[in-house]
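>>> Would you be able to build a 3D model of this:
(one chain, ligands or ions: 1)
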Amino acid sequence: MIIGFTSSFPIEVIYAAEQTPVDLNNIFINGNAKKYVEDAEFEGYPRNICSWIKGMYSVVLSSLVDAVIGVVEGDCSNTHSLMATLKDKDIEVIPFSFSYNKNRTELEREITKLEKYFKVEHSQVLEVKRRIDQIREKLVYLDKLTYKENKVTGLENHLWLVNSSDFNGNPNDFENRLDEFIIEAENREPLKFNFRLGYLGVPPIITDLYDFLLKNGANVVFNEIQRQFAMPYLEKNLTDQYLRYTYPYSVFDRLEDINEEIKKRKLDAVISYSQSFCHRQIDNMLLKKYIKIPFLAIEGDQPGELDARTQLRIESFLDMLRY
Ligand code: SF4
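The predicted structure is shown next:
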């Protein structure tokens with residue numbers, strides 16, 4: 001069975017049940033994203049709702065997904081309505097929650113519920129976790145090749161980390177391709193660029209952001225949320241892994257991680273991306289307040305290339321860093 005999901009959650013359970021987890025966001029952004037958004041609007045999804053939600057809705061209706069796991073707490077309140085509209089189309093929906101207060105017992109209860117639903121033992125899930133962690137270790141190394149050796153572009157780093165949310169439905173194949181990429185990157189000359197940037201926020205709906213930055217002398221050496229999707233802490237215990245994962249919890253959890261990485265990676269500045277109509281735009285108030293290096297907030301709405309206004313803002317920001 002193909003199990004779609006709306007945001008990262010313990011995919012180890014799905015692999016333990018020998019089913020295929022598929023991150024709906026990845027299918028949306030790698031497919032005909034504009035058409036997915038349009039299709040959802042034709043069905044009646046409002047114009048002023050985030051494009052990712054509309055994209056995921058259309059992806060489910062136009063693909064072979066058998067059921068959808070919706071992260072209904074710790075991600076996006078729009079997911080509640082997304083799940084309702086999918087249920088109305090006879091799609092099986094399974095809720096998963098990260099508790100707001102990072103409660104260990106509640107998270108354990110959610111994981112157990114999922115294990116029961118998919119009829120797997122916790123020991124099987126841990127076995128999968130041990131296997132997947134071998135790949136995650138390699139992603140941690142790829143990240144080091146990015147910020148220590150300067151041998152990986154921000155876009156490459158983004159793509160590998162973001163795709164580790166589901167390992168493209170096939171961890172062995174993902175690992176083989178990753179091994180090949182790492183060998184290629186190790187043998188490269190270090191990239192030359194003027195600024196070391198951090199990218200904060202959900203992955204961009206803008207297709208050419210990283211290329212535009214690199215063309216203007218700035219490489220992203222820290223992809224905040226994408227790195228979180230790759231579960232870089234390699235905790236032994238599944239609950240600990242998903243308690244350290246910052247994305248579903250408060251902006252203060254994110255800030256702790258961000259400020260540590262700013263120092264470690266010697267960042268010159270950060271770009272904080274938000275999606276139009278997303279509640280996470282409010283987080284920028286606190287990110288800006290507690291991040292002590294130059295900070296630029298940008299916004300994306302529809303899938304596609306950078307608009308002229310955002311290009312100009314980024315160019316002016318980089319000019320400001322230069323002088
Ligand atoms: S970008 Fe924001 S509004 Fe859109 S799905 Fe993600 S959390 Fe929800």
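>>> By proximity to the ligand, which residue of the stretch 201-323 of the chain wins?
Cys278 (3.1 Å; Cβ to the nearest ligand atom). Yep, even glycine has a C-beta here, placed from its N, CA and C like the rest.
>>> what's the closest non-adjacent residue to that residue?
Cys50 (5.3 Å; Cβ to Cβ, 6 or more residues apart in numbering).
>>> surely the one you found meets Ser274?
No: between Cys50 and Ser274 there is no contact, the gap being 9.9 Å when judged by Cβ atoms under 8 Å.
>>> Enumerate the residues of this protein near the ligand.
50, 52-53, 75-76, 78, 202, 275, 278, 280 (Cβ under 6 Å from any ligand atom).
>>> who wins for neighbours among those?
Sorting those by how many neighbours each has (other Cβ atoms under 10 Å) puts Trp52 first, at 27 neighbours.
>>> and for the helix or strand that residue falls within, what are the contacting residues?
Secondary structure from DSSP states H and E places Trp52 in helix 51-61. Outside of helix 51-61, the residues within contact range by Cβ atoms under 8 Å, 6 or more residues apart in numbering are 4, 6, 24-25, 27-29, 31, 33, 35-37, 39-41, 43, 45, 65, 68, 76, 78-79, 82, 85-86, 89, 91, 202, 205, 275-276, 301-303.
>>> With stretch 14-25 instead?
Contacts of stretch 14-25 with the rest of the structure, by Cβ under 8 Å, 6+ apart, involve 1-8, 11, 52, 55-56, 59-60, 65, 68-69, 115, 118-120, 124-125, 127-128, 132, 165-166, 169-171, 203.
>>> Buried residues in that stretch, which are they?
If you call a residue buried by 16 or more other Cβ atoms under 10 Å, then stretch 14-25 has these buried ones: 14-17, 19-25.
>>> what's the farthest-apart pair in these?
In the buried residues of stretch 14-25, the most distant members under the criterion Cβ to Cβ are Ala16 and Asn25, with 22.5 Å between them.
>>> mind listing what Glu175 touches?
134-135, 138.
>>> residue nearest the centroid of the chain?
Centrality entry for the chain: nearest residue to the mean C-alpha point is Gln226, 4.2 Å, by Cα atoms, centre = their mean.
>>> residue contacts, that one?
If you count contacts by Cβ under 8 Å, 6+ apart, Gln226 has them with 157-158, 161-162, 199, 203.
>>> my hunch is that Tyr249 is in a strand, does that hold up?
No: the secondary structure assignment for Tyr249 gives coil rather than a strand, going by DSSP: H, G, I helix; E, B strand; the rest coil.
>>> what's the burial count for it?
The burial metric for Tyr249, expressed as a neighbour count using other Cβ under 10 Å, is 17.
>>> Please name the residues that touch it.
Going by Cβ under 8 Å, 6+ apart, Tyr249 touches 74, 98, 100, 102.
>>> How about Gly70?
5-6, 79-80, 82-83, 93-96 are the contacts of Gly70 under Cβ under 8 Å, 6+ apart.
>>> how about a cut-off of 10 Å?
Applying Cβ atoms under 10 Å, 6 or more residues apart in numbering to Gly70 gives the contacts 4-7, 9, 24, 56, 76, 79-80, 82-84, 86-87, 93-97.
>>> Check Lys144 too.
151-152, 265.
>>> Pipe those residues into JSON lines and attach pLDDT, secondary structure and neighbour count per row.
What follows is the contacts of Lys144, written out as JSON lines (pLDDT from 0 to 100; DSSP: H, G, I helix; E, B strand; the rest coil; neighbours: other Cβ atoms under 10 Å):
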{"residue": "Lys151", "pLDDT": "98", "secondary structure": "coil", "neighbour count": "19"}
{"residue": "Val152", "pLDDT": "98", "secondary structure": "coil", "neighbour count": "25"}
{"residue": "Arg265", "pLDDT": "98", "secondary structure": "coil", "neighbour count": "18"}
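>>> which other residues reach stretch 83-95?
Taking contacts as Cβ under 10 Å, 6+ apart, the residues outside stretch 83-95 that touch it are 1, 3-6, 9, 40, 43-45, 53, 56-57, 60-61, 65-73, 79-80, 82, 110, 113-114, 117-118.
>>> Report pLDDT for the residue nearest to Cys278.
At Cys50, the model reports a pLDDT of 96.
>>> Same check on Ser63?
In this model, Ser63 is scored at 85, pLDDT.
>>> Just give the number of residues close to the nearest residue to it once chain neighbours are set aside.
Leaving aside its sequence neighbours, Ser63 sits nearest to Ile27 (Cβ to Cβ, 6+ apart; 6.7 Å). Number of residues near Ile27 (other Cβ under 10 Å) recorded here: 22.
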